[in-house]
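1. Mind folding the following:
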Amino acid sequence: MKKRVALITHEMSGPGGLPTMISFLHRLLVKSDRYEPELISLATSASDSASLRLKSPATWIREPRIEHIPWRDLTLTHAGVWGSELEFQRYRPRRKLTELLRSYDLLQFVVGSPPWVCIAEGIDRPTFLWTATTTRADRESHMRSGSLGRRTWSSIMVPLTEQYERRGLRAADTVFALSDYTRASVVNIIGPERVVLAPCGVDTELFRPAEHSKNDYIISVARFSDPRKNVQLLLNAYAELRKRQPNAPDLCLVGDPPSKAAQVHLQALGIADNVQMVGPKQGEDLAQLFRNAAFFCLSSNEEGLAIVILEAMASGLAVVSTDCGGPSTAIAEGITGFLTPVGDVDAMAAAMEKLVSNATIRNQFGKAGRRVAEERFSLAATGEVFLNAYDRVFNGPGCESSVVSNPSIAVDG
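-> Below you'll find the model as predicted:
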């Protein structure tokens, strides 16, 4: 009989790392033919329709609801909360959600940071946590760049959230860490015994090199409105690149557009005609954009890993990224790409110039990156970590799966 697994997350909108990870785990578990995954999303918004909202008296007379919502080609169960405007409320157990979670054999949290696991406190089920980063690292850019009121509020809320983070980490039987950087951050809090490196898998059939790439543009994929992505660094570096290499390819930004301030800055730099903003893309549309790019560039202040780096490498692209934590798990300096100091415009421009001016290096890095993606980050290779951990829970030590050799888990497009 198949074991029921709750895949619990807080972010299902847009492309992004968490929806990608959820899709990866859901497909992996379905193909294993021994686990039955179901999706559960948690309230994160002050305007969440399933929640009791302090600013909406009409919601006060009812409990938070459990709703069933279509998501892509699946259905997810969404759980509301009391007082959705207050962040700490979102991490607390609530009756209907607790009853729901007790109906599963295993709880797998797939979250940006660990505090969400606290909703499962008191539930006697194997509990696993996959996390991209830790609370303070995730919010540092927002804390620096926000308004005075936001910075003041963050100075209060972040320490409180870190208390929930410690509780959540202690409650998890195993913590799957996205990258070496994430693993080190978690180990600093709870020690190494229960922490396992577990990157997200990339579909190496969908994201693959082009037979004849056009090399038309430099590509960057991100939520450019997020201060953590530091799009201003990317724009400044690209402007410097064009001073050095006037015929450099255009810069293609794939994702939600930068803030208005960043777009004004773009105009001031005089590169607006050379920067394409194509909006969010997924699936084959995104894969095609990768295939025809010259190379990939990411300018973040902090990343748990950046799944888009894996997609770029699988697509046969050389990579330039800030050395912002997680990317060093995938990028080998001078072999698959370049890592530059966070915030260093000249260093990023110089790395981009090396790739623009030397097609041989681009091709060497791209081929090496493709090999790394296939060997370490394919769906099959990364999926084995999760299935082995689940199998040990239900079957005992020594009863591990062999995902790579199991045809039922074969990667497809």
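
2. okay, CA-based contacts and neighbour counts for the rest of this
-> OK.

3. looking at it, L310 is touching I331, isn't it?
-> No. Using Cα atoms under 8 Å, L310 makes no contact with I331, being 9.1 Å away.

4. Which one's more surrounded, those two?
-> Relative neighbour count places L310 above the other of L310 and I331, with 31 against 26, counting by other Cα atoms under 10 Å.

5. and the more buried one, that one's in a helix?
-> Yes. Counting by DSSP: H, G, I helix; E, B strand; the rest coil, L310 is part of a helix.

6. Now do it against S45, distance only.
-> To S45, L310 is 30 Å away according to Cα to Cα, to the nearest Å.

7. Same check on A294?
-> As judged by Cα to Cα, A294 and S45 stand 38 Å apart.

8. Between the two, which has more neighbouring residues?
-> Between A294 and S45, counting by other Cα under 10 Å, A294 is the more crowded of the two (26 against 16).

9. Report the secondary structure state of the residue lying closest to the more buried one once chain neighbours are set aside.
-> Distances taken as Cα to Cα, 6 or more residues apart in numbering place N215 nearest to A294, at 4.0 Å, with adjacent residues excluded. Under three-state DSSP, N215 falls in the coil class.

10. contacting residues for N215?
-> Contact analysis of N215 by Cα atoms under 8 Å, 6 or more residues apart in numbering lists 292-295.

11. Which ones among those lie within strands?
-> Judged by DSSP state E, the contacts of N215 include F295 as members of strands.

12. Who wins on neighbours among the contacts of N215?
-> F295 (30 neighbours).

13. Export the contacts of N215 as CSV, with columns for pLDDT.
-> Below are those laid out as CSV (pLDDT from 0 to 100):
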residue, pLDDT
N292, 95
A293, 97
A294, 96
F295, 97
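
14. could you pull out the strands for the stretch 251-400 of the chain?
-> Using DSSP state E, counting those that start in this stretch, the strands of the stretch 251-400 of the chain run over 275-277, 295-298, 319-322, 337-340.

15. Tell me which strands the third one pairs with, and in which orientation.
-> The one in question is strand 319-322. Strands that pair with strand 319-322, judged by DSSP bridges, come out as strand 295-298 (parallel), strand 337-340 (parallel).

16. closest one to S179 among those strands?
-> Of all these, strand 337-340 sits nearest to S179, with 15.6 Å by Cα to Cα.

17. what about the closest one, distance to the chain center?
-> 20 Å (Cα atoms, centre = their mean, to the nearest Å).

18. List the contacts of it.
-> Defining contact as Cα under 8 Å, 6+ apart, one finds that strand 337-340 is touched by 318-323, 328, 331-333, 347-348, 351, 365.

19. quick revisit: let's have the strands of the stretch 251-400 of the chain in JSON lines, adding distance to R125.
-> Putting those into JSON lines (distance: least, Cα to Cα, whole Å) gives the following:
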{"stretch": "strand 275-277", "distance to R125": "46"}
{"stretch": "strand 295-298", "distance to R125": "39"}
{"stretch": "strand 319-322", "distance to R125": "39"}
{"stretch": "strand 337-340", "distance to R125": "41"}
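
20. and the nearest residue to A46 once chain neighbours are set aside, what element?
-> By the measure of Cα to Cα, 6+ apart, the closest residue to A46 outside its immediate chain neighbours is E85, 4.2 Å from it. For E85, there is no helix or strand it lies in under DSSP states H and E.

21. repeat for N247
-> N247 belongs to no helix or strand when assigned by DSSP H and E.

22. circling back: of the contacts of N215, closest to V385?
-> The closest of these, once distances to V385 are taken by Cα to Cα, is F295, at 30.1 Å.

23. Any idea how far stretch 161-175 is from the middle of the chain?
-> Here stretch 161-175 shows a centroid-to-chain-centroid distance of 19 Å under the convention Cα atoms, centre = their mean.

24. no, scratch that, I was asking about stretch 60-79
-> 23 Å.

25. same deal with stretch 351-368?
-> 26 Å.

26. Over to stretch 9-24?
-> 7 Å.

27. Can you pull out the residues in contact with it?
-> If you take Cα under 8 Å, 6+ apart as the criterion, stretch 9-24 is touched by 7, 39-44, 109-112, 200-201, 222-223, 280-282, 306-307, 379.

28. mind listing which of those are in helices?
-> 307, 379 (DSSP state H).

29. Would you list the buried entries among the contacts of stretch 9-24?
-> Buried residues within the contacts of stretch 9-24, counting neighbours by 16 or more other Cα atoms under 10 Å: 7, 39-44, 109-112, 200-201, 222-223, 280-281, 306-307, 379.
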